[in-house]
Structures are given as C-alpha cells and as structure tokens.
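S.K.: Sequence below, structure please.
(one chain, ligands or ions: 1)
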Amino acid sequence: MSTNSDVSSPTQTARLELPGKDPVQLPVEVGTENEHAVDISKLRSQTGYITLDNGYGNTGSCRSDITYIDGEKGILRHRGYAIEDLAASTTFIETAYMLIWGELPTADQLETMRRLLTEHELLHEGLRHHFEGFPPYGHPMAMLSAMINACSCYHPELLELEDEHHFEEATAKLLSKVRTIAAFSYRKSLGLPIVYPDPKRSYCNNFLHMMFSLPHVPYEPTREEVRALSLFLILHADHEQNCSTATVRMVGSSKANLFASVAAGVCALWGPLHGGANMRVIEMLENINAGDQSVDQVVEQVKKKEYLLWGFGHRVYKNFDPRALILKDAVDKLLEAKGIEDPLLDIAKQLESVATHDDYFLERKLYPNVDFYSGILLRAIGIPVNMFTVMFAIGRMPGWIANWYEVHKDPNGRIYRPRQVYTGPAKRPYVPLEERQ
Ligand code: CMC
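M.R.: Predicted coordinates for the structure are as follows:
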C-alpha cells in the first residue's frame, strides 16, 4: 500500500493502492495553517477498506474553526489568537466569549455577558437539594457531572435550542452555574453551609467567595489570586480534539442537549491520563516531599515503566506545551506576591530538570504539560487537591460549549460513529445452558 499526496496541483489528491483493488484517488484537504488531511470518507464505499488508528492519534474527526495547535512548534491559538496574548491581556470571560462566539467581545457584548452570568448564577432550590443526596466523601467530579446533567431537568426549555438567543441563555446558565455547583460541592464535602454568589463580584472573585467565605466573614481574595485563577481558566479554556472535547462532540452529534453532552465531557476529563492528572502530579510531588521516594527514584521507576511521570507527555505537543511555560512563570510570580515558598515547586523543577536531560524522555519527546505546574498554582490560591480536576472542568467549559455548538449548527453534520476491526470469535453454534461446560 502506498500513498502519494500531490500538494502542488490545484485539486490535491492522494493516490492509494490497496491489495486486489484498482488505485483510488482520495481528496486532500488543506487547513488554514497548511495542515494536510487525506479525506477517506468514501474509502469504504470505494474499496471495502476502513482505516485503523488506535487512540485516533492520526485521525481528524472533524473540521473546526475554534482552536489550532502545532505540537512540534508549541503553538496554541484560539480563533487565531495566540495563547500567550490571551494569557497576558484577557480575562477568562473575554476568552470564553471569543471561543464561543468567534470574536473578542466589544465592551457592550462583554457587559451583556456579565449581566447574563450574574442573572443565572443561582441554582434552582430543587437543584440545590440534590447535594443532600451525595455522601460527604463523594468525589466533586462525580457531583459536577451529575449536577450538570440534572440542570437539564430544571431547564427543559433549553433542551431544544431554537435560535442564537436561546443558545446564549443556555451558555450563560452553564458557565455561571458550573461555578456555583463546584463551590457548593466543596462546601458540602466539608459539611460547611453553602455560600450564595455575590452579584457584585467578578467571575473568579465570586467563585473564591463561594468557596471560602463564612456566613459572618466574607472572603476577600487578593488581586493576584483572582488574576492567577483567571489565568488558570484561560489556559484550560480549549484544546481542540482532546478526549473530553471529542466526547462532548460525540455525544452532541446524536443531537443530545448541551447539558447532557457537557456532563459526559466532565466524566471523560476525570480520568488521570486527562484532567485527573493534575491531582496525580501533586500526590507524586507530596510523596517525594514526604521522603517516600527521591526525585531520582521516581525517574528510575518511570524509566522501568512501573510508574507514569504525571504531568509529563502529550499526544500533540512534542517539544513544549506553551501552557506549561506560562503556568510555571505564573506560579513563580504568585508565590512571590504572596511571600510564600512551596517545597513542591522546588521538587517539580528538579523533576523537570532531571527528566528533560534524560534520554528516556528526550527520545520520547516528553515535556511538562499543562497539569505539571497547575496544581501548585491552585494550592497557592487555597484550592484543595480534590477540586483540581473540577477547576480544569470550569476552565474547559467554553471549549466544550463552542465545540458542541459547532456540531449542533453544522448543516452537514452526521452522527459520530467510528467503525472497528472485529477480532472476536468467528460464527459458532449456540450452546444451550444444559450443554455448557
Ligand atoms: N511518563 C512516562 N512515560 C511516558 C509518559 C509519562 N508521563 N507519557 C508517555 N510516555 C511514554 C509511553 O510509555 C511511550 O513509551 P514507549 O514508546 O516506550 O512505549 C511513549 O512515551 C509514547 O507515549 P504514548 O503512550 O504514545 O503517548 P500518548 O500520546 O498515547 O499519551 C498522555 C499521551 C498524555 C496520555 C501520556 O503522555 C501520559 O500518560 N502522560 C501522563 C498523564 C498526564 O500528564 N496527562 C495529562 C495530559 S495534558 C492535559 C490533558 O489533556 O488533560
């Protein structure tokens, strides 16, 4: 089998030769940034063959206008805007607006979005009572997913989105309520009374207020803490076809509603190879700090494949993850502003230094990813470890919403339905129960 992409001709095609078949010409699609893809959508009907790609490492599942990544060069752009510029200049809410609607908001648009977020920040009292059903030790990710899904019951009018205004309302509800749900689940886990949102506070400030205020003592985060949280959320806002976003698109492609699709995304994010890695990183650093293992011992275990170096490696980034660089710098600045030292930061830097000079990691192009330093930033803001993946979910919400909407309004959209190569037993006779051994 051989492929040949003729990129110079105006209508680009790839020629594919398959055993026992006449060669076929497959269209080559070129993206905005000159990325080339062989369109195999007609391959099975033309040849009877399908493609096989374990873990979808080489499969483009959709066309998308939202996010561009060049993993070799460490480039991440949303709607054309570089992550470095967004991190330096925007708030999470501006970034969320831009991801969902395609353009940075004008002052009026931002004001409308802020008003909508404030309007929808409270939970329906019925929804609030759901928290009583969870045990205090329940994982906040389980609560988050369940509660987002439960939102569908309380807002049935949003299950069939008729127009853009309807979608705008559903978006505001989701972005705003997810923050309230997250904070309530934390309070619930500690047996503390719930703190209602304060409409006078900004998105990030309000979240920290709901997390840490006491009924008689309002919590006032510093400007640096609020900014660090906003930065954390911006850096997690979208990342093209990662596992959870692909899940949201997959579920949305069946015409499932926004809440149900995003609840599925939360479940996908929970896994330790994806968003759950941010908790594992801190656990790993804490073990080293407690003297259970040294940095060198961890690295040796990883090289023997007994252990994963959490927060390292990425399917797409093969040089550096730009989000990790920004986070590392932000951690240094936040700790300095707060006048604190975190021994875990020193350990993380040692691990990075050892790993990035070792052939095992160099040969496999493994570098710190977004989860490597993010937990140290969250710790410095006071966020407990079991909430880390929830924080990732709050950040990823705009990306999930934008991707769901792209699927929802695609006039040529089809249900996502991959094929497989069956490797189980061939046809065999049914054995009645009394004859089975
Ligand atoms: N520690 C040790 N070895 C690793 C690691 C790691 N963190 N990541 C990859 N490898 C090895 C892997 O064992 C394989 O080795 P070999 O060629 O000898 O079989 C090689 O590197 C290639 O890795 P891969 O398994 O093909 O990588 P992948 O693209 O399938 O997986 C990943 C990507 C992120 C799941 C993986 O790097 C990993 O498990 N990292 C640790 C978990 C983590 O930090 N996840 C967060 C990802 S970034 C944010 C997010 O998406 O949530």
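
S.K.: show me the contacts for the one residue in the chain that gets nearest to the ligand.
M.R.: Residue of the chain nearest the ligand, by CB to the nearest ligand atom: Gly313 (2.3 Å). C-beta coordinates here come from the backbone N, C-alpha and C atoms, glycine included. By CB atoms under 8 Å, 6 or more residues apart in numbering, the residues touching Gly313 are Arg364, Leu366, Tyr367, Asn369.

S.K.: Show me what from the stretch 1-150 of the chain comes close to the ligand.
M.R.: Taking CB under 6 Å from any ligand atom as the contact definition, the stretch 1-150 of the chain meets the ligand at Gly55.

S.K.: quick one, strands of the stretch 1-150 of the chain?
M.R.: 3-5, 13-16, 24-30, 36-38, 67-70, 75-78, 81-82 (DSSP state E, counting those that start in this stretch).

S.K.: sorry, back to before: go back to the contacts of Gly313 and keep what's next to the ligand.
M.R.: Arg364, Leu366, Asn369.

S.K.: near the ligand, which residues of the stretch 151-300 of the chain show up?
M.R.: Residues of the stretch 151-300 of the chain lying close to the ligand by CB under 6 Å from any ligand atom are Asn242, Leu273, His274, Gly275, Ala277.

S.K.: which among the residues you listed end up buried?
M.R.: Asn242, His274, Gly275, Ala277 (16 or more other CB atoms under 10 Å).

S.K.: Can you get me a residue count around the residue nearest to Glu160 when sequence neighbours are not counted?
M.R.: Nearest residue to Glu160 in three dimensions, chain neighbours excluded: Asn257, at 7.7 Å (CB to CB, 6 or more residues apart in numbering). A count of neighbours around Asn257, defined by other CB atoms under 10 Å, yields 22.

S.K.: what sits against Asn257?
M.R.: Residues near Asn257 by CB under 8 Å, 6+ apart: Ser152, Leu158, Leu159, Glu160, Leu161.

S.K.: give the contact list for the closest residue to Met143 other than its chain neighbours.
M.R.: Leaving aside its chain neighbours, Met143 sits nearest to Ser185 (4.2 Å; criterion: CB to CB, 6+ apart). For Ser185, the contacting residues are Phe131, Phe134, Gly138, Pro140, Met143, Leu144, Met147, Val390, by CB under 8 Å, 6+ apart.

S.K.: Pull out the buried members of those.
M.R.: Phe131, Phe134, Pro140, Met143, Leu144, Met147, Val390.

S.K.: For Tyr137, see how far away the closest residue to Thr32 other than its chain neighbours is.
M.R.: Using CB to CB, 6+ apart and skipping the chain neighbours, the partner closest in space to Thr32 is Tyr68 (7.1 Å). Note on Tyr68: its distance to Tyr137, by CB to CB, to the nearest Å, is 41 Å.

S.K.: Between these two, tell me which one has more neighbours.
M.R.: Remark: of Tyr68 and Tyr137, Tyr68 carries more neighbours, 18 against 7, as counted by other CB under 10 Å.

S.K.: Hmm, Ile83 and that one touching each other?
M.R.: No: here Tyr68 lies out of contact with Ile83, judged by CB atoms under 8 Å, at a distance of 10.4 Å.

S.K.: what do these two both touch?
M.R.: Leu76, Arg77.

S.K.: hang on, the earlier thing: now tabulate the contacts of Gly313 in CSV and tack on secondary structure and neighbour count.
M.R.: What follows is the contacts of Gly313, written out as CSV (DSSP: H, G, I helix; E, B strand; the rest coil; neighbours: other CB atoms under 10 Å):
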residue, secondary structure, neighbour count
Arg364, coil, 11
Leu366, coil, 19
Tyr367, coil, 23
Asn369, coil, 24
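
S.K.: Quick check: the two most widely separated of those residues?
M.R.: Arg364 and Asn369 (13.2 Å; CB to CB).

S.K.: thinking again about what came up before, looking at the strands of the stretch 1-150 of the chain, which one is packed in the most?
M.R.: Comparing the strands of the stretch 1-150 of the chain by mean neighbour count (mean count of other CB atoms under 10 Å), strand 75-78 ranks first with a mean of 21.

S.K.: pLDDT below threshold where in this structure?
M.R.: Residue ranges of the chain with pLDDT under 70: 1-10.

S.K.: Next, the buried residues of the longest helix along it.
M.R.: For the chain, the longest helix by residue count, based on DSSP state H, is helix 164-190. Within helix 164-190, the residues scored as buried using 16+ other CB under 10 Å are 167-189.

S.K.: these two touch, right, Ala146 and Ala263?
M.R.: Yes: under the criterion of CB under 8 Å, Ala146 makes contact with Ala263 at 7.5 Å.

S.K.: neighbour-wise, which of these two wins?
M.R.: Between Ala146 and Ala263, counted using other CB under 10 Å, Ala263 has the larger neighbour count: 22 against 18.

S.K.: Is the more buried one part of a helix or strand, or is it coil?
M.R.: helix (DSSP: H, G, I helix; E, B strand; the rest coil).

S.K.: now Thr389
M.R.: Relying on three-state DSSP, one would call Thr389 helix.

S.K.: how about the closest residue to it other than its chain neighbours, what does it touch?
M.R.: In this structure, Thr389 finds its nearest non-sequential neighbour in Gly275, 4.7 Å apart by CB to CB, 6+ apart. Neighbouring residues of Gly275 by CB under 8 Å, 6+ apart: Ser244, Leu269, Asp371, Thr389, Phe392, Ala393, Arg396.

S.K.: just Ser202 next, same as before
M.R.: Thr91, Val226.

S.K.: run the last query once more with 10 Å
M.R.: Contacts were defined as CB atoms under 10 Å, 6 or more residues apart in numbering; by that measure Ser202 touches Thr91, Phe92, Ile93, Arg114, Leu117, Leu208, His209, Val226, Leu229, Ser230.

S.K.: do the same with Leu190
M.R.: Pro136, Pro384.

S.K.: Would you work out how far apart the start and end of stretch 43-63 are?
M.R.: Using CA to CA, to the nearest Å, one end of stretch 43-63 lies 18 Å from the other.
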